[in-house]
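Asks: Structure, please.
(one chain, ligands or ions: 1)
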Amino acid sequence: MPPYTLAHSVLAMDEPSDPGGTGPATGAPHTPPRQRGGDKRLVGPRAPSADMLKERKGLLELVRLSRDNVLNVIPAATLSRRILSGRVLRRVHLVADPEANRKVFKSNIDNYPKSPETKGILRKALRHGLFVLDGDDWRWQRRALNPAFAPRNIRKLGPLMSRVAEESSERLADADGSVNISDEMMRTAFDVIVRVTFAGGDGQSAVPVDVVSRAIEHYLDKTGRVSLLDYLGLPGWVPRPGRLRTHPTLKALKAGADKAIADRRKTPNTRDAALIDLLMDVEDPETGRKMNDEELRDNLITFLIAGHETTALTLSWALYLLAHAPAKHSKATEEAVRVLGSRTATVEDVGQLEYVRKVLYEAMRLFPPIPVHLRTAQREDSLCEHAVKPGDTVIVPFYSLHRHKKHWKSPNCFVPERFDNMARIDRYTYMPFSVGPRICIGAEFAMQESIIILATLLARFRFSGVEGRAPKPKLILTLRPDEDIRLKVEPLAAEAAAGEGA
Ligand code: HEM
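Replies: You can find the predicted model right below:
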């Protein structure tokens, strides 16, 4: 029998040493209480929120709840406490505190490598990719890859992003009645990432698009699923749903990527560079080491997976929030129309689309696409005055941090204006792309892409809600709506003609 017992099956959390989490944050004074006080602009419509855990439950019940939505088993107390420590089969600390984040993600990062569970399927399937590597293996790849994601290279990808935005807008123009925005944004983000990753000079993907889409669909539907079993670290023999790392779709994708790499080695692409071309050239500035074909392939596929759904979800939630906040929608539309007229946004416009950027920031605050992070402590430490021992799991729910009562005024309300003054936003309190050395390498890419797409759509269409219940955020590896987001989409000109001008 396995060495665990259901006798431990309670989520018994100690009270923190600072019960209400309302005392002063310890340490450096870079964490002033943000956005509290009398700023009257910080009001807005309420965004959907998750049903978090309000009382103790047995393990079986927790497993049942988490199968549907892992957020259901994150205690609601993380929205107001700095830390909750306890034992759920092993010692666990749930941390929602900027000072602790600074330690975990920056100053003591070597003590907190990603837990195996957090790497999920990528750990075995794409083990030479940046996302799952640690230590020196990670360090040299990150040094080598950073220049490929430098702003000057990301800007070069602008025309392709604009083309995809235009195509999405054409599809929406043809749509009738309510539109499945979740599907449309998945398709759009997919088109960007596949073409950016594998396109040749002709703009077409060197790996057949249906091969990529089948593999990603499979990954997102099944393989990426995380259950409480993963979070609790039950033994590997316990059957998990959808753990199919050697599925034929992934094998086909790897084979396609291998072929694309071999073809490029034979015949280099001399026209617009895609990521595949940039990666073939990267080398470690310290040692001159280059990537071998396996490393290259695992990274290309990692980018497809890491960069696809995250961006699609940000765009879907942003459109949902705007559709249910007419005044904010009008403000964003006015900006888009002022900057673009009705043309497609380009990379040159991105700097002027300030409010559109804030809408995206706020969407990622309320719905961080990767909402929970797990780290495993290697040595003794302390977080928020709680002792951390080797082997302890540190869970950082960005979802709770981003809606924490101590740090955000009207935390559940959609207020893009809270980003008017970025100097007031603490980087360890708001971190949708994470923070420190392992910050998302694609953050610049994702923002540029999302601004181009969202502004293009806002300059042409008005989005509004349809009848039905509001979607709830649901954590299955990423933070998805529990039902597809559907919105009514109307051309802006028609709406203006009807006298409802933006
Ligand atoms: C809105 C979109 C995105 C969000 C919110 C996001 C968020 C994140 C977060 C939170 C991490 C840290 C994960 C961890 O520490 O466990 C991360 C890492 C990463 N992201 Fe993104 N991401 C986005 C888009 C992208 C895009 C477009 C790409 C690639 C083109 C990308 C590639 C990566 C990679 C390779 C890593 C691992 C970096 C490392 O460990 O050094 N992401 N992302």
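
Asks: Show me what residue of the stretch 251-400 of the chain gets nearest to the ligand.
Replies: residue 307 (2.9 Å; C-beta to the nearest ligand atom). Placement of C-beta: from N, CA and C, glycine included.

Asks: Would you mind confirming that residue 92 makes contact with residue 85?
Replies: Yes - taking contacts as C-beta atoms under 8 Å, residue 92 lies within contact range of residue 85: 7.1 Å.

Asks: List the residues that contact whatever residue of the stretch 401-502 of the chain ends up closest to the ligand.
Replies: The stretch 401-502 of the chain approaches the ligand most closely through residue 442 (2.2 Å), counting by C-beta to the nearest ligand atom. Contact partners of residue 442, counting by C-beta atoms under 8 Å, 6 or more residues apart in numbering, are 149, 303, 306, 307.

Asks: near the ligand, which residues of this protein?
Replies: Counting by C-beta under 6 Å from any ligand atom, the residues of the chain close to the ligand are 114, 118, 130-131, 142, 302-303, 306-307, 310-311, 314, 364, 369-370, 373, 432-434, 438, 440-442, 445-446.

Asks: Write the PyMOL selection for whichever of those residues are buried.
Replies: Applying 16 or more other C-beta atoms under 10 Å to the residues of the chain next to the ligand leaves a buried subset, and the PyMOL line that selects it is:
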select buried, resi 114+118+130+131+302+303+306+307+310+311+314+364+369+370+373+432+433+434+438+440+441+442+445+446
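
Asks: out of the residues of the chain next to the ligand, which are inside strands?
Replies: The strands, defined by DSSP state E, take in residue 373 from these.

Asks: could you point out which element follows the helix or strand harbouring residue 162?
Replies: Residue 162 belongs to helix 158-174 when assigned by DSSP states H and E. The helix or strand immediately downstream of helix 158-174 is strand 178-180, counting by DSSP H and E.

Asks: Show the secondary-structure elements that that following strand is packed against.
Replies: strand 486-491 (3 or more C-beta pairs under 8 Å, 6 or more residues apart in numbering; DSSP states H and E).

Asks: Can you show me the CA trace of the strand it packs on as PDB?
Replies: Only the C-alpha atoms of strand 486-491 are listed here, as PDB (Å, rounded to 0.1, in the frame of the first residue of the first chain):
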ATOM      1  CA  ARG A 486     -20.400  34.300 -26.000                       C
ATOM      2  CA  LEU A 487     -21.000  37.900 -26.900                       C
ATOM      3  CA  LYS A 488     -23.200  39.800 -29.300                       C
ATOM      4  CA  VAL A 489     -21.000  41.500 -31.900                       C
ATOM      5  CA  GLU A 490     -22.200  44.500 -34.000                       C
ATOM      6  CA  PRO A 491     -20.400  46.600 -36.500                       C
END
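
Asks: How much space separates the residue lying closest to residue 51 once chain neighbours are set aside from the ligand?
Replies: Nearest-residue entry for residue 51: residue 72, 5.9 Å, with adjacent residues in sequence omitted and distances by C-beta to C-beta, 6 or more residues apart in numbering. Residue 72 sits 21 Å away from the ligand, going by C-beta to the nearest ligand atom, to the nearest Å.

Asks: neighbours around residue 72, how many?
Replies: If you count neighbours by other C-beta atoms under 10 Å, residue 72 ends up with 20.

Asks: And the pLDDT for it?
Replies: pLDDT, residue 72: 89.

Asks: quick one: contacts for it?
Replies: Residue 72 touches 50, 51, 52, 53, 65, 66, counting by C-beta under 8 Å, 6+ apart.

Asks: wait, is it part of a helix?
Replies: Yes - assigned with DSSP: H, G, I helix; E, B strand; the rest coil, residue 72 falls within a helix.

Asks: How much space separates it from residue 393?
Replies: From residue 72 across to residue 393, the span is 18 Å (C-beta to C-beta, to the nearest Å).

Asks: Could I get the full set of helices for the stretch 301-450 of the chain?
Replies: 326-340, 354-366, 398-402, 443-458 (DSSP state H, counting those that start in this stretch).

Asks: Kindly report the same for the stretch 1-150 of the chain.
Replies: In the stretch 1-150 of the chain, the helices defined using DSSP H, counting those that start in this stretch lie at 59-68, 98-102, 116-119, 122-125, 135-145.

Asks: Just say which of these is most tucked in.
Replies: Among the helices of the stretch 1-150 of the chain, the stretch with the highest mean neighbour count (mean count of other C-beta atoms under 10 Å) is helix 98-102, at a mean of 23.

Asks: With just CA atoms, put that helix into PDB.
Replies: As requested, the backbone C-alpha atoms of helix 98-102 are provided in PDB (Å, rounded to 0.1, in the frame of the first residue of the first chain):
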ATOM      1  CA  PRO A  98       4.600  40.800  -1.800                       C
ATOM      2  CA  GLU A  99       7.500  40.400   0.600                       C
ATOM      3  CA  ALA A 100       7.200  36.600   0.400                       C
ATOM      4  CA  ASN A 101       7.000  36.800  -3.400                       C
ATOM      5  CA  ARG A 102      10.200  38.800  -3.500                       C
END
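
Asks: where exactly do the helices run in the stretch 151-300 of the chain?
Replies: 151-156, 158-174, 181-198, 209-218, 228-232, 248-266, 275-281, 293-323.

Asks: Comparing these by mean pLDDT, which bottoms out?
Replies: helix 228-232 (a mean of 51).

Asks: quick one: residue 176 and residue 278, what's the gap?
Replies: 41 Å.

Asks: Next up, the contacts around the residue nearest the centre of the chain.
Replies: By C-alpha atoms, centre = their mean, the mean C-alpha position of the chain lies nearest to residue 369, the distance being 3.0 Å. Shown in contact with residue 369 (C-beta under 8 Å, 6+ apart): 309, 310, 311, 313, 314, 432, 478, 479.

Asks: Quick check: the farthest pair among the residues you listed?
Replies: 309 and 432 (13.8 Å; C-beta to C-beta).

Asks: Where in the protein is the helix or strand with the lowest mean pLDDT?
Replies: strand 12-13 (a mean of 30; mean pLDDT, DSSP states H and E).

Asks: how close does residue 486 get to residue 462?
Replies: Taking C-beta to C-beta, one finds residue 486 at 15 Å from residue 462.

Asks: So which of the two has more stuff around it?
Replies: residue 462 (24 against 21).

Asks: Quick one: distance of stretch 153-170 to the chain centre.
Replies: Remark: stretch 153-170 is offset 20 Å from the chain centroid, using C-alpha atoms, centre = their mean, to the nearest Å.

Asks: which regions of the protein sit below the pLDDT cut-off?
Replies: The chain contains residues with pLDDT under 70 at 1-43, 117-124, 200-203, 218-247, 494-502.

Asks: Around residue 128, count how many other residues there are.
Replies: Other residues lying near residue 128 total 18 when counted by other C-beta under 10 Å.

Asks: Contacts only, for it.
Replies: Applying C-beta under 8 Å, 6+ apart, the residues near residue 128 are 294, 295, 297, 298, 299.
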